[in-house]
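Participant: Please find the sequence and the predicted model below.
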Amino acid sequence: MGCCNEPVTLLAGVPADPSQHVNFERGMVLGVDDFRQEFAYLSGRDRWLARDAIGYGTLSGLRVHAEDGGADGPRLHVTAGSALTPGGRLVCVGADQCALVNRWLAKPDNAALVNRLLNPASPPLSPPVSPPVSPPIPPVNDVGEITLHLVLCYADCLTRPVPIPGEPCRSEDELMKPSRVADDYRLELRASPPAQVEEEAVRDFVRWLRANVNVVDVSPPSADDPEGWLARLRDAVRSWRDALTASPPLSPPASFDTLGDFLFDLGSPSLDVPRGRHGAFLRAALRFWITELRPMWMAMRCHRPEHRDLDCVLLASVTFEVSWIGGSPSGAWQVTGSPVALHVDERARPFIASLRLLQEFALAGAAGDDGGELDDPLADMFARSFDGGLSGGMPAFAPVLRPPNGGTRMPVAFTDVDLTLGTAHGVVIASGGASKLTVSLPDSDARSAGRSYTIRNVDIGALSIEPASGVTATIDGKATVSLRKATALTLVADGVGGWHTIAKG
């Protein structure tokens, strides 16, 4: 028999769709699926907003460092903190966490992982049974260096069981059901890092702008050329565009592994942008990133996953030496080396600076104590980012103040040790009485053409000015120049490999 008012669509058991919310109507009978659907919609919008408008990575804390655990061997320490995953989930580690690495290595699954890293062509350590046999047999290569990736993942757990009414004669586990779903996390050591396609693409886009865009002085400034700029930008991603539109589709699909880069360098000549038009260029470049590039590499598009590991973020890569200690059946992997060391590398970790920090950074120096003001703090910050990387521990986009009486206030650096100059330096004063000191110049190429430095020797016994290690520039045709005490000189780059003295004092 059937029900005369049987609904057309049965919602029971249908996965919640985060793009839909419940259409509440008078007389509607709401069930568990309706409440789950409404929650999925609200939660999905929060996650969508987070990942599209903010990004993903470490928000606070979660510092990773190695410690000496004494007789238990080295351990990894992760401080309390929070992160945002590529899927838009917030993860909170409420207290510091520690892991003894030797104990981790002693577990059969982890020992098998180490064996696969050091013996990729050998059979698994344990017979293919579940759970794995412990202890494993000795490996072929019993010593070597491995790199593991420390990953933070979102998890949840059911908690707070409550009595549930229902039919009689139920089993005990059917009498109680969890009433809450609690946010949780997992910290894992993996052989491979999580997919960070969007993070790596963002970094490569900025690196491409720094390496391929030259801000040049043109008098009078030329007119904007947005179509020309976009054509050069599109050239840099032509391999991706061709691969994604290939028919039939490529197998395997286009990826960094198959193509080797996200944006390919222009080479020489690179893209010249008049200094007076760099704001218009940045607007065009950022629009190009948002409308054409980012959609190719996003972790999720609306609610559709594009890459794996949406709920995990990389914290660090950890490299250490291991040895197989003992024979069979009592052997195990242990961290070795002299001294025993875990090398923690956090360079690939994605992180997010708060909007408040970026706001203060952009406004810093906008008004000095004497009333000096930046002409345009944000534009100046971006323009200077094209001039090279960080150097000498100073920001590449340190603000330039315009004093009320005109002119330019140059950044001044005092040093009593060897110093490599970068984009943040202007005037360098060497003092402190050292017997010897070296000031190193960057390369003189198209990006540094017209850049000048003033260097003064106050009381250094022997001050040498020379190109940095690996740089082929010359100074007035020489490999090095000496600067006596109580003298100064100003150098300028010609952009084709040479630095020239334009003033002495």
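Facilitator: Sure thing, it's come through.

Participant: Phi, psi for W229 please.
Facilitator: Per-residue torsions, W229: phi -60, psi -50 (degrees, to the nearest 10).

Participant: Next: S317.
Facilitator: According to degrees, to the nearest 10, S317 has phi -110, psi 130.

Participant: secondary structure element for F320?
Facilitator: Following DSSP states H and E, one finds F320 within strand 312-325.

Participant: Now do the buried residues in that strand.
Facilitator: By neighbour count on 16 or more other Cβ atoms under 10 Å, the buried set for strand 312-325 is C312, V313, L314, L315, A316, S317, V318, F320, E321, V322, W324. For glycine as for every other residue, the C-beta is placed from the backbone atoms N, C-alpha and C.

Participant: For H149, the count of nearby residues, please.
Facilitator: Residues lying near H149 (other Cβ atoms under 10 Å) number 19.

Participant: Just to check, it is in contact with L189?
Facilitator: Yes: at 7.1 Å, H149 counts as touching L189 under the criterion of Cβ atoms under 8 Å.

Participant: Mutual contacts of those two, please.
Facilitator: Common contacts of H149 and L189 (Cβ atoms under 8 Å, 6 or more residues apart in numbering): V318.

Participant: returning to what we had before: of all the buried residues of strand 312-325, which comes closest to T79?
Facilitator: Closest approach between the buried residues of strand 312-325 and T79, by Cβ to Cβ: L315, at 10.4 Å.

Participant: got the contact list for the spatially closest residue to the closest one that is not a sequence neighbour?
Facilitator: Nearest residue to L315, sequence neighbours excluded (Cβ to Cβ, 6 or more residues apart in numbering): L150, at 4.6 Å. Counting by Cβ under 8 Å, 6+ apart, L150 makes contact with V64, L76, V78, L187, E188, L189, L314, L315, A316, S317, V318.

Participant: before we move on, what about D459?
Facilitator: Contacts of D459 by Cβ under 8 Å, 6+ apart are S431, G432, G433, K485, A486.

Participant: any idea which helix is longest in the protein?
Facilitator: In terms of residue count, the longest helix belonging to the chain (DSSP state H) is helix 32-49.

Participant: Can you give the contact residues for the helix or strand just after it?
Facilitator: Going down the chain from helix 32-49, the next helix or strand is strand 57-61, by DSSP H and E. For strand 57-61, the surrounding residues in contact (Cβ under 8 Å, 6+ apart) are 79-84, 93, 199, 313, 315, 349-352, 354.

Participant: Buried subset of these as a PyMOL selection?
Facilitator: Burial among the contacts of strand 57-61 is assessed by 16+ other Cβ under 10 Å; the matching PyMOL selection reads:
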select buried, resi 81+82+83+84+93+199+313+315+349+350+351+352
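
Participant: measure D418 to S435 for me?
Facilitator: 12 Å (Cβ to Cβ, to the nearest Å).

Participant: Which residue of these two possesses the greater neighbour count?
Facilitator: Under the criterion of other Cβ under 10 Å, the comparison of D418 against S435 puts D418 first, with 13 against 7.

Participant: pretty sure that one contacts L437?
Facilitator: Yes: using Cβ under 8 Å, D418 is in contact with L437, at 6.1 Å.

Participant: Render the CA-only coordinates of stretch 333-350 in PDB, please.
Facilitator: Provided in PDB are the C-alpha atoms of stretch 333-350 (Å, rounded to 0.1, in the frame of the first residue of the first chain):
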ATOM      1  CA  TRP A 333      63.900   3.300  13.100                       C
ATOM      2  CA  GLN A 334      65.500   6.000  15.200                       C
ATOM      3  CA  VAL A 335      66.700   9.600  14.600                       C
ATOM      4  CA  THR A 336      70.500   9.600  14.400                       C
ATOM      5  CA  GLY A 337      73.200  12.000  13.400                       C
ATOM      6  CA  SER A 338      76.000  13.900  15.100                       C
ATOM      7  CA  PRO A 339      74.600  16.000  16.700                       C
ATOM      8  CA  VAL A 340      71.100  14.600  16.600                       C
ATOM      9  CA  ALA A 341      69.100  17.200  14.800                       C
ATOM     10  CA  LEU A 342      65.700  17.900  13.300                       C
ATOM     11  CA  HIS A 343      65.800  20.600  10.600                       C
ATOM     12  CA  VAL A 344      62.600  22.500  10.400                       C
ATOM     13  CA  ASP A 345      61.800  24.400   7.200                       C
ATOM     14  CA  GLU A 346      58.700  26.700   7.300                       C
ATOM     15  CA  ARG A 347      59.400  28.600   4.000                       C
ATOM     16  CA  ALA A 348      56.500  26.800   2.200                       C
ATOM     17  CA  ARG A 349      54.000  27.400   5.000                       C
ATOM     18  CA  PRO A 350      51.100  29.700   3.900                       C
END
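
Participant: what's the average pLDDT for that stretch?
Facilitator: Mean pLDDT, stretch 333-350: 87.

Participant: List the contacts of V322.
Facilitator: Going by Cβ under 8 Å, 6+ apart, V322 touches L105, V114, L118, V143, G144, E145, I146, W333, Q334, V335, T336.

Participant: Looking at those residues, which are in helices?
Facilitator: L105, V114, L118.

Participant: and the last one, what is it in contact with?
Facilitator: Going back to what we said before, that points to L118. The contact partners of L118, by Cβ under 8 Å, 6+ apart, come to P139, N141, G144, I146, V322.

Participant: Now do it, the pLDDT please.
Facilitator: Per-residue pLDDT puts L118 at 88.

Participant: where does it sit relative to F288, distance-wise?
Facilitator: The gap separating L118 from F288 is 45 Å, by Cβ to Cβ.

Participant: Then the second one?
Facilitator: Note on V114: its distance to F288, by Cβ to Cβ, is 45 Å.

Participant: go on, the first one?
Facilitator: Applying Cβ to Cβ, one obtains 47 Å for the distance of L105 from F288.
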